[in-house]
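Next comes the sequence, and after it the predicted model I'd like to discuss.
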Amino acid sequence: MARSSPHSCEDDIEIMIRTGVRDWRHVESDRYKWPQEAILVVQSNRLNEINHSKPKHINGRAQHVECAFLDEIESADQSLSLEDYFSKMRMRQQKTEYDLYINYSPCVDCADRIIEFINNHPLVIFNIHYAMTYKDGDGLRKLKYQEGITLSTMSDSNWKSVTTSLLDIHIQKMQKLQEEVRSKPGYESLNTALKYLDIERFPKWITMRKEADEVHDQILHDIFEEEEYFEEYWPEEYFEEYWPEEYFEEYWPEEYFEEYWPEEYFEEYWPEEYFEEYWPEEVSEDEDEVQDEILDDTLKLTPFEEYWLANGSGRSSFDLLYS
């Protein structure tokens, strides 16, 4: 059984691994601070799911993830049919062991709730693995000698187990979502994905998305019509009629260019030696020296600038240029 999670697999893994790690980067970004949310990964021979702390509960306070998990189990029992109820009762005659992987250790209130649940279900065993001690650890002190409960911090093997579970749960979730999306048409399939992944909760968002698509479809339609407009009002025949090739030959003859831009002009102002000096075909071995000379010429100052730099500030031209 894998319950839907409103987080991505990356989110869930990041919540687990960041809790308790003193990362100096938290000064620059909230991303590196310890998560304010608790996550609980549950493993057993009949259950494999992710639970998250609830933002608000009946009393207006956030509900811790342990209590949310236990409430879910008990409410599920009450909604069972008579046949399923007796089937579950028979299963309760056997011991059921749960591995609970949580980023913060239980608080005092959650510890009391866990003890109450264990007392009501003596064949249940909770193995609690946590990544960081919550506050002063008073919750752990309450649980440490309780029968049916074991406590441990996260270890090498625990990290492998919880990471594998997170991946399995999210893969199952995406496979289920894929089946539901494929069974529904168009925007309804998109709406199903958004609700399932808890990405967008605004009721009319799909309608807004559809309207935006229609607007941009109209823009694309207008872009294609521009070409049709041009072909309609500026056909190729128009240019052939009003701008024939003879027009250019008459008003822009080849002699015009030869008169105003003769070859001698380019030879005088752009001689071949100029290009050979500054843009040689092959780079010489002394290319660095050439570039240094060009740089020196570029940075060369006038006598007035040299005088001002020497007598006005006492700093060299190099210092002023690169300060």
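Alright, I've got the coordinates.

Look at Tyr130 and give its secondary structure.
Three-state call for Tyr130 (DSSP: H, G, I helix; E, B strand; the rest coil): strand.

dump the residue contacts of it.
With contact set as CB atoms under 8 Å, 6 or more residues apart in numbering, Tyr130 has these partners: 101-106, 151-154. Placement of C-beta: from N, CA and C, glycine included.

List the beta-bridge partners for it.
Ile102, Thr153 (DSSP bridges).

what's the pLDDT at it?
Model confidence at Tyr130, given as pLDDT, is 94.

With Glu282 instead?
59.

residues touching Gly186, list them.
Gly186 neighbours (CB under 8 Å, 6+ apart): none.

what about Ser105, neighbour count?
Number of residues near Ser105 (other CB atoms under 10 Å) recorded here: 24.

Sorry, slip of the keys, the one I care about is Ile199.
Neighbourhood size, Ile199 [other CB under 10 Å]: 11.

same thing with Gln172?
Residue neighbour count, defined by other CB under 10 Å, stands at 14 for Gln172.

Doesn't it lie inside a strand?
No: using three-state DSSP, the assignment for Gln172 is helix, not a strand.

out of the contacts of Tyr130, who has the most neighbours?
The residue in these with the most neighbours, by other CB under 10 Å, is Pro106 (31 neighbours).

Could you double-check that it lies in contact with Leu140?
Yes: with contact defined as CB atoms under 8 Å, Pro106 reaches Leu140; the gap is 7.3 Å.

circling back to that earlier point, out of the contacts of Tyr130, which is nearest to Pro253?
Minimum distance to Pro253 across the contacts of Tyr130 is 83.6 Å, recorded for Asn103 (CB to CB).

how many neighbours does the closest residue to that closest one other than its chain neighbours have?
Ranked by CB to CB, 6 or more residues apart in numbering and with sequence neighbours excluded, the top spatial neighbour of Asn103 is Thr19, at 3.8 Å. Residue crowding around Thr19 was assessed by other CB under 10 Å; the count is 20.

Got the confidence number for Thr19?
Thr19 carries a pLDDT value of 87.

Let me see the contact set for it.
Residues in contact with Thr19 (CB under 8 Å, 6+ apart) are 34-35, 103-104, 131-132.

Likewise for Glu272?
Not one residue lies near Glu272 by CB under 8 Å, 6+ apart.

ok, it to Phe266 distance?
10 Å (CB to CB, to the nearest Å).

For the contacts of Thr19, give me JSON lines that also has distance to Glu240.
Listed next are these as JSON lines, based on distance: CB to CB, whole Å:
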{"residue": "Trp34", "distance to Glu240": "75"}
{"residue": "Pro35", "distance to Glu240": "72"}
{"residue": "Asn103", "distance to Glu240": "76"}
{"residue": "Tyr104", "distance to Glu240": "80"}
{"residue": "Ala131", "distance to Glu240": "79"}
{"residue": "Met132", "distance to Glu240": "80"}
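
Can you tell me which of the residues you listed comes closest to Ile199?
Pro35 (19.8 Å).

what phi and what psi does the backbone show at the spatially closest residue to that closest one that is not a sequence neighbour?
Ranked by CB to CB, 6+ apart and with sequence neighbours excluded, the top spatial neighbour of Pro35 is Ile15, at 4.7 Å. Torsion angles at Ile15 (phi, psi; degrees, to the nearest 10) stand at phi -60, psi -40.
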